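Engineer: need a 3D model of the sequence below.
(chains A and B)
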Amino acid sequence: EAQVTQNPRYLITVTGKKLTVTCSQNMNHEYMSWYRQDPGLGLRQIYYSMNVEVTDKGDVPEGYKVSRKEKRNFPLILESPSPNQTSLYFCASSPGTQPPQYFGPGTRLTVL
Amino acid sequence: AQSVTQLDSQVPVFEEAPVELRCNYSSSVSVYLFWYVQYPNQGLQLLLKYLSGSTLVKGINGFEAEFNKSQTSFHLRKPSVHISDTAEYFCAVSDRRSGYALNFGKGTSLLVTP
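Structural biologist: Model (predicted):
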């Protein structure tokens, strides 16, 4: 089954404790991206990647890092999480150079 | 810069009635347009997309949308809704210049009642 998977689905952590949210797709898609969803602000892009070893900032990249060492994986790294990064995070992918069409189930992150 | 306006934050409708969810966009370049649906506690699912070609786009679950360049609109329609269509619907715009980032509207909550 074609899908985008994220782990963990839920995470509660404390300020400053480094964490990684994994994202994997099994569709051989070139394009992958991360979004966060916040009440009143909607969905905003954090980072995107057009292919392996090619990443770029989205609208709200501060406090996040990404890497794209393999085509299928696109982890989101929070080196020193802060409470304002409490949010619902979505990973997405698409074939070629097209806007994201397949979204993961989301990761609900709470930073205390 | 591109932007999306979803004109209704909530749309209540009776089961089996038709529905239209409105979306207007602004962009100075050629755009790609999308509608996504988000059911409670789930991710986003692509309903339909306009990349080029025919301006009438048919999607999943009986939804369709029409790209109107002169009115910069991409309204979503369904002739007869079901209770199961109750969800949040997002319109989004993208283009090459933005690195294919999706610029989402604030969403429209569709509530279908018996």
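
Engineer: could you pull out the strands for chain A?
Structural biologist: A:4-7, A:10-13, A:19-25, A:31-38, A:42-51, A:54-57, A:65-66, A:76-78, A:87-94, A:102-103, A:107-111 (DSSP state E).

Engineer: does anything pack onto the last one? Which helices or strands?
Structural biologist: For strand A:107-111, the packing partners by 3 or more CB pairs under 8 Å, 6 or more residues apart in numbering or on different chains; DSSP states H and E come out as strand A:10-13, strand A:19-25, strand A:87-94. In short, each C-beta sits where N, CA and C put it, glycine included.

Engineer: direction included, what does that strand pair against?
Structural biologist: According to DSSP bridges, strand A:107-111 forms sheet pairs with strand A:10-13 (parallel), strand A:87-94 (antiparallel).

Engineer: just to revisit the earlier point, mean pLDDT and mean neighbour count added to the helices and strands packed on strand A:107-111, as JSON lines?
Structural biologist: Listed next are these as JSON lines, based on pLDDT from 0 to 100; neighbours: other CB atoms under 10 Å in any protein chain shown:
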{"stretch": "strand A:10-13", "mean pLDDT": "96", "mean neighbour count": "13"}
{"stretch": "strand A:19-25", "mean pLDDT": "98", "mean neighbour count": "19"}
{"stretch": "strand A:87-94", "mean pLDDT": "96", "mean neighbour count": "24"}
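
Engineer: okay, these in TSV with distance to B:Ser54 next?
Structural biologist: Converted to TSV, the helices and strands packed on strand A:107-111 look like this (distance: least, CB to CB, whole Å):
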stretch	distance to B:Ser54
strand A:10-13	42
strand A:19-25	29
strand A:87-94	21
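
Engineer: so which of those strands is nearest A:Val111?
Structural biologist: Counting by CB to CB, A:Val111 lies closest to strand A:10-13 out of the helices and strands packed on strand A:107-111; the figure is 5.8 Å.

Engineer: start and end of stretch B:58-73, how far apart?
Structural biologist: Taking CA to CA, to the nearest Å, stretch B:58-73 runs 16 Å from one end to the other.

Engineer: buried residues in that stretch?
Structural biologist: With burial defined by 16 or more other CB atoms under 10 Å in any protein chain shown, the residues of stretch B:58-73 counted as buried are B:Gly59, B:Phe63, B:Glu64, B:Ala65, B:Phe67, B:Thr72, B:Ser73.

Engineer: name the nearest residue to the last one, ignoring sequence neighbours.
Structural biologist: Just to be clear, that refers to B:Ser73. Nearest residue to B:Ser73 in three dimensions, chain neighbours excluded: B:Asn24, at 5.2 Å (CB to CB, 6 or more residues apart in numbering or on different chains).

Engineer: number of nearby residues for B:Thr55?
Structural biologist: As a burial measure, the neighbour count of B:Thr55 was computed by other CB atoms under 10 Å in any protein chain shown and equals 12.

Engineer: tell me the contacts of it?
Structural biologist: Remark: with contacts taken as CB atoms under 8 Å, 6 or more residues apart in numbering or on different chains, B:Thr55 is in contact with B:Glu66, B:Phe67, B:Asn68, B:Lys69.

Engineer: mind redoing it with 6 Å?
Structural biologist: Remark: with contacts taken as CB atoms under 6 Å, 6 or more residues apart in numbering or on different chains, B:Thr55 is in contact with B:Glu66, B:Phe67.
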